[in-house]
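Asks: model this:
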Amino acid sequence: MDLDTLDKQYTTCTEIKVKWGEMDAFQHLNNTIFIRYLEDGRIDLFEKIGMSSDMKDLGIGPILASVQCDYLAPVTYPDTLLVFTKAHQTGPKKIQLDHKIWSQQQNKLVAQGQGLGVYYDYKALRSCVIPPSIAAKFAAHAE
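Replies: Residues are numbered from 1 along each chain as shown. Below is the predicted model:
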């Protein structure tokens, strides 16, 4: 997989500069930091799709049900990572997220992850159906 392919296949690309303090005692990026980077990519995608306005206006939006990350290569400071993110709706309430993390220093994929989001009514404290306007945006980005 190369950068051009990732850029074409994924909805968003989030650039992140690795910070010195994110490395652990073994002098590579701590595994928990990758999960934070997936979160950055997820939030960028949600803002692009328009989910952030639903949260403010309607009190509904995604909540993370699970997250998983495969570490393919160690990352060290200094580096700039590109977090590619896309999502598709898998049911009336569910969103499957797919992430790839590319190292510019190493010029290769260094991690990949998946997440499951559930649409949630934060006032009623229960899951809810994804609004048709958001579902249409997921469908448009999946094409």
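
Asks: tell me what the longest helix seen in the chain is packed against?
Replies: Using DSSP state H to define each element, the chain has its longest helix at helix 31-49. Using 3 or more Cβ pairs under 8 Å, 6 or more residues apart in numbering; DSSP states H and E as the contact test, the elements touching helix 31-49 are strand 12-17, strand 60-71, strand 80-89, strand 94-103, strand 108-121, helix 132-142. The C-beta positions use only the backbone N, C-alpha and C, and glycine is treated the same way.

Asks: what comes up buried for the last one?
Replies: So the one you mean is helix 132-142. Going by neighbour count (16 or more other Cβ atoms under 10 Å), the buried part of helix 132-142 is 134, 137-138, 141.

Asks: Equivalent analysis for the third one, please.
Replies: Judged by neighbour count (16+ other Cβ under 10 Å), strand 80-89 contains these buried residues: 81-87, 89.

Asks: Against which helices or strands is the helix or strand just after the longest helix of the chain packed?
Replies: Remark: after helix 31-49, the chain's next helix or strand is helix 51-58, criterion DSSP states H and E. The helices and strands touching helix 51-58, judged by 3+ Cβ pairs under 8 Å, 6+ apart, are strand 60-71.

Asks: tilt between the strand it packs on and strand 94-103?
Replies: Interaxial angle of strand 60-71 relative to strand 94-103 (axes from the mean of the first three to the mean of the last three Cα atoms, to 10 degrees): 40 degrees.
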